[in-house]
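Colleague: Turn this into a structure:
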Amino acid sequence: MTEVTSKPGHKYVLVLTLISSILMIVDSIVVSIYLSIPRIPSSQTNIIVFLSFVLFFIISSYFFLRYANSGSLSATHPHIKQVKFITKSIVLTQSAISVVLIYIIAQIVIFGNYNLVSMIIVIFLSHVVAIGLLVLLVYLFVNWYLSKRSKLMLAYAFAFAMIVTTLVISLIYLSIQLSYYDPFVKLRSVKASIGDYSNYGARVLILGEFYTYASIISFISIWIPSVILLRTYFAKIGKLPYWTLVSIPLIYFLFPFLSDELGIFDSLFLEYGPNITLLYYIIFSPYKQIGGLLFGIVFWLTAMRIERKNLKVLVNTAGIGMVLLFSSSVLHGLTYVVAPPFGLVTVSYLGLAAYMLLIGIFSSAKELSRDNMIRREIYKVAGEEFDLFRNISEADLVRTSEKRVKAIIDKVEIQEYQPQGMADDESDYKKFLEEAIDEIASKLKKSSSTDSKDSL
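Modeller: Predicted coordinates:
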């Protein structure tokens, strides 16, 4: 993968991430807002708004991919082929999604409706690609954990596994829901379109509950390691202010679920009607985006202390992926199918988000595992906030060394050459291998302890 000579700056890309999150918030609640206001904008206005969402999605996807590419692995790295394959796959996927979105707009403008198959293609492409990339990320974290028993890596592996579960439920939910609609969605009043499909059956309701519980578990499971990585701020702002700040996104995320279960706002909805409903949607709809921002900050704060440009880009990329992932994995945006299909642009970011998260973490681990001096230099500056990347880089180094030792042993012809002290049976070869790996791990442990002392 070639180095990009002209690339977006760090600050501009982070601002673009925030704007993208805001766009996804608006896109996912616009139908709910329409249900709460007496006068709905004209169909022509809706088409223009949806077109602006699509154009922004295409432009932002280009800059996000360009930025991630600028911090890619060097051309001499042995894993460059894997990264190239994943990058080409996501470029093709995002291009296909962009073409389908433009095609939907063309259908609406020319025929006054769009084929539901087009919408299904976008949903499946974004979900399937995101699920595949996140499964690979879970696999990497499990392997890293097996090499270096870090609870932090295990926590992230579980959290990403729960996100995969949530996306699988989301895909099944939307597939069943869309089966209730006509093949062609007509351009007409949003309220009229929703009135025709008020009951989707028990299966959808049950899946909706599963999705809710899976979302809560996945959010809490990613919140815990994020708080652990930010614990160094205890000394800077104090425990009480710190826990107050990190708890706000969790409370904000859980409050809508609790309010629905306990009926906290039921009396207000009955008394004030659409006005309080509109206010409720505006205040509480961004619950996932706010949480995603906290999870992304964990990576961005680490990146701020890194001087090496390519590594800074990679860590920032992982943070951007985390923010986009939680911003786009919103189901309520497609609860109702209307023309134009608001909520569709939001889920279109899913594959891109998973890609940036995977490439950012994977490439960072590979770059760090190549040079112990880089790890020591960065750990002195970043401190405990860098624990995740330090652990996965060391685990990756152990796994790489393990593969090399195995390759050497496989080449030894036991009948012709048998070193003294090494028995003929296979168990002694495994013991030899374990001793080699333990030696590497011991050196890494000493290096880590030295880093910790230097950072004090």
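
Colleague: centroid residue for this protein?
Modeller: Most central in the chain under Cα atoms, centre = their mean is Leu325, positioned 3.5 Å from the mean C-alpha point.

Colleague: got a list of what it touches?
Modeller: Ala130, Ile163, Gly292, Leu350, Ala353, Ala354, Leu357 (Cβ atoms under 8 Å, 6 or more residues apart in numbering). C-beta: built from backbone N, CA, C; applies to glycine.

Colleague: Go ahead and confirm the fourth one touches Ser328.
Modeller: Yes: in terms of Cβ atoms under 8 Å, Leu350 counts as a neighbour of Ser328; the distance is 4.8 Å.

Colleague: shared neighbours, these two?
Modeller: Contacts common to Leu350 and Ser328, judged by Cβ under 8 Å, 6+ apart, are Ser126.

Colleague: Can you name the residues that contact Met119?
Modeller: Counted by Cβ under 8 Å, 6+ apart, Met119 has contacts Ile104, Leu178, Val185, Val337, Pro341, Leu344.

Colleague: Just the pLDDT at it, thanks.
Modeller: What the model reports for Met119 is a pLDDT of 95.

Colleague: That one sits in which helix or strand?
Modeller: Element membership for Met119 (DSSP states H and E) is helix 116-147.

Colleague: Give the buried residues for that helix.
Modeller: Using 16 or more other Cβ atoms under 10 Å as the test for burial, helix 116-147 gives 116, 118-119, 121-123, 125-138, 140-142, 144-145, 147.

Colleague: circling back to that earlier point, could you measure from the residue nearest to the centre of the chain over to Ser126?
Modeller: As judged by Cβ to Cβ, to the nearest Å, Leu325 and Ser126 stand 11 Å apart.

Colleague: what's the overlap in contacts for these two?
Modeller: Leu350.

Colleague: picking up where we left off before, secondary structure element for the residue nearest to the centre of the chain?
Modeller: Residue-wise, Leu325 maps onto helix 309-328 under DSSP H and E.

Colleague: Taking their axis directions, that helix and helix 116-147 sit at what angle?
Modeller: 130 degrees (axes from the mean of the first three to the mean of the last three Cα atoms, to 10 degrees).

Colleague: as a whole number, average confidence for helix 309-328?
Modeller: Mean pLDDT, computed over helix 309-328, is 90.

Colleague: Next: stretch 135-154.
Modeller: For stretch 135-154, the per-residue pLDDT averages 88.

Colleague: Using CSV, write out every CA atom in it.
Modeller: Taking C-alpha atoms only, stretch 135-154 is exported to CSV below (Å, rounded to 0.1, in the frame of the first residue of the first chain):
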residue,chain,number,x,y,z
VAL,A,135,-15.5,-11.3,13.9
LEU,A,136,-11.9,-11.1,12.6
LEU,A,137,-11.2,-8.5,15.3
VAL,A,138,-12.6,-10.7,18.0
TYR,A,139,-10.5,-13.6,16.6
LEU,A,140,-7.4,-11.4,16.9
PHE,A,141,-8.1,-10.3,20.4
VAL,A,142,-8.7,-13.9,21.5
ASN,A,143,-5.4,-15.0,20.0
TRP,A,144,-3.6,-12.0,21.6
TYR,A,145,-5.2,-13.0,25.0
LEU,A,146,-4.0,-16.6,24.6
SER,A,147,-0.4,-15.2,24.1
LYS,A,148,-0.5,-12.6,26.9
ARG,A,149,-3.1,-13.1,29.5
SER,A,150,-4.4,-9.6,29.7
LYS,A,151,-7.9,-9.0,31.2
LEU,A,152,-8.1,-5.8,29.1
MET,A,153,-7.8,-7.8,25.9
LEU,A,154,-10.4,-10.3,27.1
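
Colleague: chain center to it: distance?
Modeller: Taking the mean of its C-alpha atoms, stretch 135-154 sits 17 Å from the chain's own mean (Cα atoms, centre = their mean, to the nearest Å).

Colleague: quick one, what contacts the residue lying closest to Leu133 once chain neighbours are set aside?
Modeller: Nearest residue to Leu133 in three dimensions, chain neighbours excluded: Ala354, at 4.0 Å (Cβ to Cβ, 6 or more residues apart in numbering). Applying Cβ under 8 Å, 6+ apart, we find Ala354 in contact with Val129, Ala130, Ile131, Leu133, Leu134, Leu137, Gly321, Leu325.

Colleague: Ile248 versus Ala354, what's the distance?
Modeller: 26 Å.

Colleague: Angles on the backbone of Asn113, please.
Modeller: Per-residue torsions, Asn113: phi -160, psi 170 (degrees, to the nearest 10).

Colleague: How confident was the prediction at it?
Modeller: 93.

Colleague: Report the beta-bridge partners for it.
Modeller: Taking DSSP bridges as the rule, Asn113 bridges to Lys186.

Colleague: what sits against it?
Modeller: So Asn113 contacts Gln107, Phe184, Val185, Lys186, Leu187, Ala339 (Cβ under 8 Å, 6+ apart).

Colleague: Among those residues, which one sits closest to Val100?
Modeller: Using Cβ to Cβ, Gln107 is the member of the contacts of Asn113 that lies nearest Val100, at 10.3 Å.

Colleague: What are the boundaries of the strands in the stretch 51-200 of the chain?
Modeller: Assigned by DSSP state E, counting those that start in this stretch, the strands in the stretch 51-200 of the chain fall at 113-115, 184-186.
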